[in-house]
Structures are given as C-alpha cells and as structure tokens.
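[1] everything below, folded, please.
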Amino acid sequence: FCSTLGSFPLACSRRCSGSLIDMSIKGDMEGVQGISALVSQYPKKDGRFEYGTAGFRNDADVMDFIVMRMGLLAGLRSKVCNGAAIGLMITASHNPVKDNGVKVVDPDGGMMAADWEEIATHITNVSDADLEAVYCEYAAKFNVAADAKGTVFLGRDTRPSSDRLLVAARQGLLAAQNVADKDYGIVATPQLHHFVMAHNLGQASDEAAYWDKLGSNYQIVAKTLGLSSGDYTPDLVVDGANGVGARCAHLLNEACGGQLKLDVINDGTNGVLNLECGADYVKSNQRAPPSTENVFGQRCCSFDGDADRIVYFFTDESNVFHLLDGDKIAVLVAEFIMERLLEAGLELEVGVVQTAYANGAATRELQSRNIPTEVTPTGVKHLHHKAKDFEIGVYFEANGHGTVLYSQHAIELITAAKDAEAAAAGGSAPDVCPATQLYHYMLISNQAVGDSCADLCMVELALRKKQWSVQSWDQQCSFLPNRMLKVKVCDRRVIRTTNAERTVTLPATLQPAIDIMVPEYNQARAFVRPSGTEDVVRVYAEASTQEDADDLASRVACAVYDHANGSGVRPEEPSAKRSKQ
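    The predicted model follows:
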C-alpha cells in the first residue's frame with residue numbers, strides 16, 4: 001500500500017475548514033485547533049514514552065496528550081500511504097481498568113511499520129514548543145501534496161476513559177487537516193485490524209460483514225462435520241473479561257446459528273474489566289476465574305480485555321485446574337489443517353511459529369508430527385512476519401495471541417480443490433469434502449492479527465472433527481509445568497537479550513546466575529525478558545513438576561531483582577528444597 005510516498009501540507013497551524021470528519025461523537029469539537037493551540041489543551045506529561053509492540057500504554061490520566069499526538073501521526077501515516085485507511089485503536093488490552101493506551105494499525109491490517117514506531121516515539125516525546133516544527137519536518141520529509149487526504153478508522157474498548165481519549169484522537173486528526181475518520185465505536189482490537197485490511201482490499205469493512213464472515217463459514221464447516229457419538233458438545237463457557245470480549249461472544253453465538261452454545265460470564269454487568277478474570281489472569285495465575293471455580297468438567301475459555309487473546313481451561317472433579325494455552329491451540333489447529341490437506345491430496349508446507357515462552361513439550365509434539373517450528377522474539381509483529389515464510393503459517397504465543405496466515409499460493413490451491421469437489425458432486429455438497437472444509441476454515445482466520453472469536457471458531461471446529469472433550473484434548477500432549485512472574489525494576493532498558501530473548505547479555509552477571517540454577521531441576525529451563533510497556537522484567541521457568549517450576553521462577557526473580565536494580569519489595573525467596581537431576 002505504501003510503495004509510493006506522497007506529501008503533506010505544511011500549514012500545520014492554520015485552522016481547518018471544510019473538515020471531512022464525521023461529527024457523530026458527543027463532545028466539544030467546535031473550533032478546530034491547529035497544533036500550537038492543541039498543546040495548551042493537551043500539554044506533554046513528564047517522562048519518556050516509547051511506542052512498543054502494544055503501542056503506548058500508561059495510566060489513563062497520562063494518555064490524553066499521547067493520543068492527541070497519535071491522531072496527528074495517524075493522519076500523516078495515511079497521507080504517506082496515498083490515502084489508504086489507517087487504524088487508531090484506544091485500548092490497554094489486559095491492563096487494569098485505570099490504564100489505557102493507543103496503537104496504530106497499518107494499511108495491511110498489521111502492526112505499524114518499525115520505522116514509524118520510531119517516529120511515533122519521537123513525536124510523542126518532543127516538547128510542546130517543538131511539536132509543530134517536528135511534525136512539519138516529517139511532513140516535508142515525505143513530501144506530501146498540499147491537497148493530500150487521509151482516512152483513519154477509530155475504535156475503542158469499554159474503559160471509562162476511552163470516550164475522553166477518543167476526543168483527543170479526533171482533535172489530532174482535525175489538526176492534521178483533510179483527514180476523514182470513521183468511528184466504529186466500541187469494538188475488539190482484532191475487529192479494527194480486520195476493518196482496515198478489508199477496506200484497503202476493497203472488501204466490506206462493516207461489523208455486520210465481520211460477523212457474517214465468521215458465522216456463515218463456521219456453520220458450513222460444522223454442518224459438514226456433524227455430531228457423532230464422540231465426546232464433543234457445542235457447549236462452552238466464555239469468560240468475557242468484563243470487557244468488549246463479552247459483547248463479541250454474544251454476537252458470535254448469534255452468528256453461528258445454534259452450532260455453538262456459548263454461556264458468557266464476566267460480561268461487564270457487575271464485574272470490573274480484567275479484575276480476577278480474562279486470559280492474562282488465567283494464564284499468569286494458573287487458575288480459573290473465581291466465577292467459574294465451581295464449574296467442574298466444563299470446557300471454558302477466557303478472552304482478554306480487547307479480545308485478541310484466548311486460552312482454554314477446565315477444573316476437574318478433584319478441583320485441579322487444567323490450562324490449555326496458546327501452545328496447545330497451535331498444536332490442535334496445525335494438526336487439523338495438516339489432516340485436511342492430506343485428505344484432500346494437497347501439498348502445502350504448514351509451519352508453526354513460537355516464542356521462547358512456548359512449552360518445550362509443544363515443540364517436541366509438533367516435531368514428532370513433522371511440522372516444522374521457528375522461534376522468534378516475543379511480540380506479534382515478529383511472529384506474524386515469520387509466519388509469512390510458510391505457505392500456511394500458524395502462530396500462537398503461549399498467552400493465547402495468534403492466528404493462521406495463508407499465502408496467495410495456498411489460497412489459490414485450496415480454492416481450486418474446493419471447486420473440484422463441488423464439480424465432482426455435480427454442484428451439490430459432496431459427502432467427503434476436506435478441501436471444502438479447509439476452504440471455509442481458512443476464511444474464518446483473521447489474516448491481520450490474533451482474534452479471540454476467530455480463534456475460538458478454529459478450536460471448536462478442530463475439537464468437533466476429532467470428537468474430543470476438553471479432557472481428551474488435554475490428554476493428547478502432557479506439557480511441562482511452568483510459572484511466569486514479574487519483577488519491578490527501576491528501568492527495564494537495563495536488560496538486553498539475544499537468541500530470541502532466551503539469553504541475557506546485559507547485565508553481564510545475570511545470565512551466569514540463571515545458568516547455575518537451571519541444572520538443579522529436571523527438564524528445566526528459564527529465561528527473562530524486559531516488558532515492552534512497563535518497567536518490569538518477565539520471568540519464565542518450566543520444570544518436570546509444578547513445585548520445581550515455582551521454585552526456579554522465584555529464584556530467577558530474586559536474581560533479576562539483585563542484578564538488574566529491582567524496585568519495591570524484593571521477591572520472596574523460595575524454600576530450601578531442591579530437586580536434583
């Protein structure tokens with residue numbers, strides 16, 4: 001979309017007349033202001049702010065000036081991309097409700113280009129006095145014509161601060177001049193990514209089309225699979241994290257026309273966003289939300305706060321919690337695709353992309369099925385990019401964020417095979433239709449980014465085909481117990497890593513300390529990496545028993561605190577007991 005650079009009008013402080021912006025939002029949008037006037041309304045806060053994989057996130061009270069400046073940047077980005085739609089999503093995902101954030105979606109529906117992340121960081125951190133001059137310098141650099149126009153799609157989550165920040169975003173867009181926006185209201189993050197991608201491809205980009213895409217294709221595949229005497233049932237408890245995911249789950253249930261029976265809990269009517277619920281809570285704490293603790297044996301899943309992650313879980317009759325995270329989802333989905341390809345006689349390479357957080361047992365399971373794996377640094381942009389190297393690339397982070405990408409060659413081959421099945425059946429639905437199933441399964445996948453609803457559909461269809469209960473799924477691959485912890489530090493930037501974030505290079509004393517601990521446990525490994533959004537260091541450890549994984553994680557957390565200038569209370573030392581090889 002951005003192969004040809006455009007240019008930009010340099011009259012940055014002139015009042016905008018004849019704005020193309022839809023004025024449907026409530027609030028004072030009269031009297032469009034230029035950049036110089038806006039900085040007095042949205043003054044820069046103290047501190048340095050960096051655009052990471054998740055965009056900007058912080059306490060909501062800090063975000064107003066950042067969101068306004070990202071409105072400016074989004075308008076400029078669209079003009080540089082010859083007017084292609086850009087997305088601006090206001091969300092802080094799984095963060096507490098007091099926080100908020102903003103991220104920019106590129107014309108292909110993916111994350112913003114890395115060089116523009118640097119521009120976003122620069123524009124956000126310049127002084128109020130210098131903002132207009134710096135903005136105009138970038139405008140001149142990209143040489144956009146004075147009459148160039150831009151288009152920005154806006155979305156937000158359910159946080160109380162999101163409406164206020166939307167006003168700030170639109171003020172930035174107005175100051176950018178000649179930028180039309182479309183406000184989608186409260187939507188999931190992956191929906192906005194999809195809307196941007198679909199619009200720029202000339203496809204329907206409204207919410208009704210999104211739900212029709214998921215629902216109609218799900219129903220087609222589900223009906224071809226049927227329900228036999230196996231253990232699968234379409235009943236599923238969905239934890240909506242008290243956020244937009246709950247709304248999405250209700251709409252998905254309706255779209256699937258009875259082929260799914262979703263019982264939505266934590267739907268926002270009483271609880272607080274992400275408080276003791278949601279995918280991050282379930283994954284990090286290795287426990288079910290309190291609202292499901294007495295639901296024994298039932299298949300459950302949790303979305304995160306903006307519905308781009310999903311993890312499954314259940315509690316057995318002995319009250320033991322079982323997690324089926326992104327690793328198990330990746331194995332299940334990759335196997336389903338491989339089986340349909342084999343049945344259809346199609347030769348396409350399927351690969352799975354993981355991060356250092358991937359459970360070692362998941363990697364071995366995939367390799368035992370001759371499914372190649374690749375490891376990248378943490379962050380969706382890294383996995384998404386690497387997944388494009390395969391004809392069919394499956395990627396899921398252990399936290400449940402992922403999707404499936406299909407190359408153009410794969411799309412064409414699967415489509416042709418589907419058409420051949422229909423032709424062989426004289427135009428009616430064929431009795432054996434692996435290519436038809438795979439074709440509609442492919443259309444469910446969100447090609448732009450991880451999507452809780454699309455991923456739920458892919459998991460449910462794979463379970464339906466195998467006629468597995470959640471217990472049967474869990475038993476197919478025994479994962480190593482693991483534990484994730486966070487350690488507060490004064491400055492996360494003191495941590496540097498290599499080897500896809502599995503080895504610490506700075507501080508120089510930290511990795512040797514970790515290397516001494518790991519051999520003390522069976523089948524163990526551990527690594528640390530800095531957060532991309534806050535001054536914490538994330539610790540991951542796995543071992544042959546949960547006790548050992550917890551013990552190792554606690555020891556590594558203490559090492560991080562000691563070697564990387566920890567802040568606040570030092571992590572608690574584990575017990576003296578050690579498991580030796």
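
[2] so where's this structure shaky on pLDDT?
    Counting by pLDDT under 70, the chain shows low-confidence ranges at 1-33, 228-229, 293-294, 428-431, 575-581.

[3] where do the helices sit along the stretch 151-300 of the chain?
    For the stretch 151-300 of the chain, the helices defined by DSSP state H, counting those that start in this stretch occupy 162-176, 189-200, 207-225, 244-255, 279-285.

[4] deepest of the ones you listed, which one?
    helix 189-200 (a mean of 25; mean count of other Cβ atoms under 10 Å). Backbone N, C-alpha and C define where each C-beta goes, glycine included.

[5] now for that helix, which elements pack on it?
    strand 85-90, strand 99-105, strand 150-156, strand 179-186, helix 207-225, helix 452-466 (3 or more Cβ pairs under 8 Å, 6 or more residues apart in numbering; DSSP states H and E).

[6] the same query, at a cut-off of 6 Å, please.
    For helix 189-200, the packing partners by 3 or more Cβ pairs under 6 Å, 6 or more residues apart in numbering; DSSP states H and E come out as strand 85-90, strand 150-156.

[7] any idea which of the helices of the stretch 151-300 of the chain gets closest to V331?
    Closest of the helices of the stretch 151-300 of the chain to V331 is helix 279-285, at 16.5 Å (criterion: Cβ to Cβ).

[8] and after that closest one, which helix or strand comes next?
    Where DSSP states H and E defines the elements, the next helix or strand beyond helix 279-285 is strand 300-303.

[9] just to revisit the earlier point, okay, the helices of the stretch 151-300 of the chain in CSV with distance to A526 next?
    Shown next, in CSV, are the helices of the stretch 151-300 of the chain (distance: least, Cβ to Cβ, whole Å):
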stretch, distance to A526
helix 162-176, 37
helix 189-200, 31
helix 207-225, 39
helix 244-255, 31
helix 279-285, 16
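
[10] distance to H250 for the helices and strands packed on helix 189-200 - can I get that in a markdown table?
    Formatted as a markdown table, the helices and strands packed on helix 189-200 follow (distance: least, Cβ to Cβ, whole Å):
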| stretch | distance to H250 |
| --- | --- |
| strand 85-90 | 21 |
| strand 150-156 | 18 |
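
[11] winner for burial among the ones you listed?
    Note that of the helices and strands packed on helix 189-200, strand 85-90 is the most buried (mean count of other Cβ under 10 Å), with a mean of 29.

[12] what strands line up against that one, and which way round?
    strand 99-105 (antiparallel), strand 150-156 (parallel) (DSSP bridges).

[13] of all those, which one is nearest K486?
    Once these are compared by Cβ to Cβ, strand 99-105 is nearest, at 14.9 Å.

[14] the helix or strand following the closest one to strand 99-105, inter-axis angle?
    Where DSSP H and E defines the elements, the next helix or strand beyond strand 99-105 is helix 114-125. Angle, helix 114-125 to strand 99-105, by axes from the mean of the first three to the mean of the last three Cα atoms, to 10 degrees: 140 degrees.

[15] can you mark which positions in helix 114-125 are buried?
    Neighbour counts using 16 or more other Cβ atoms under 10 Å place W116, E117, I119, A120, T121, I123, T124, N125 of helix 114-125 among the buried residues.

[16] next, format those residues as a markdown table and append distance to G278.
    Formatted as a markdown table, these follow (distance: Cβ to Cβ, whole Å):
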| residue | distance to G278 |
| --- | --- |
| W116 | 30 |
| E117 | 26 |
| I119 | 32 |
| A120 | 27 |
| T121 | 28 |
| I123 | 31 |
| T124 | 28 |
| N125 | 31 |
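
[17] which single one of those residues is nearest to A508?
    T121 (27.1 Å).

[18] without its sequence neighbours, what residue ends up closest to that closest one?
    Y51 (4.8 Å; Cβ to Cβ, 6 or more residues apart in numbering).

[19] residue contacts, V539?
    Counting by Cβ atoms under 6 Å, 6 or more residues apart in numbering, V539 touches L485, V528, A553, V556, A557.

[20] secondary structure element for the first one, which one?
    Element membership for L485, per DSSP H and E: strand 482-488.

[21] touching that strand from outside, list them.
    By Cβ under 6 Å, 6+ apart, strand 482-488 touches 284, 536-542, 549-550, 553, 557, 560-561, 566-568.

[22] now with 8 Å, please.
    283-284, 286, 357, 359, 528, 531, 535-543, 546, 549-550, 552-554, 556-557, 560-561, 564, 566-568, 571 (Cβ atoms under 8 Å, 6 or more residues apart in numbering).

[23] following it, which helix or strand shows up next?
    Next element after strand 482-488 (DSSP H and E): strand 496-498.

[24] around D239, how many other residues sit close by?
    When neighbours are counted by other Cβ atoms under 10 Å, D239 registers 29.

[25] tell me who's in contact with it.
    So D239 contacts 265-266, 277-279, 282, 289, 291-292, 300-303 (Cβ under 8 Å, 6+ apart).

[26] what's across from it in the sheet?
    Beta-bridge partners, per DSSP bridges, of D239: I265, S302.

[27] what's the spacing between it and Y312?
    10 Å (Cβ to Cβ, to the nearest Å).

[28] circling back: now, the contacts of strand 482-488 that are in helices?
    If you go by DSSP state H, the contacts of strand 482-488 have K283, S284, Q546, A549, D550, L552, A553, S554, V556, A557, V560, Y561 in helices.

[29] what sits against the first one?
    K283 makes contact with V311, L323, D325, A398, N399, G400, M484 under the criterion Cβ under 8 Å, 6+ apart.

[30] which one of those residues is nearest S452?
    For the contacts of K283, the nearest to S452 is G400 (7.9 Å; Cβ to Cβ).

[31] so which helix or strand takes in the closest one?
    Applying DSSP H and E, one finds G400 in no helix or strand.

[32] show me the contacts for it.
    A279, K283, D304, R309, I310, V311, D325, G326, I329, G450, S452, D455.

[33] got it, and A549?
    With the criterion set at Cβ under 8 Å, 6+ apart, A549 makes contact with L480, P481, N482, R483, A524, A541, E542, A543.

[34] gap between it and V272?
    In terms of Cβ to Cβ, A549 sits 30 Å off from V272.

[35] and for N242?
    6 Å.

[36] could you do L174 as well?
    33 Å.

[37] higher neighbour count, N242 and V272?
    Neighbours per residue (other Cβ under 10 Å) separate N242 from V272, with N242 holding more: 26 against 15.

[38] pretty sure the more buried one contacts L273?
    Yes. Applying Cβ atoms under 8 Å, one finds N242 in contact with L273, separated by 4.8 Å.

[39] flag every buried residue along stretch 402-409.
    Buried-residue list, stretch 402-409, by 16+ other Cβ under 10 Å: G402, T403, V404, L405, Y406, S407.

[40] ok, the residues you listed vs R156, which is closest?
    T403 (22.1 Å).
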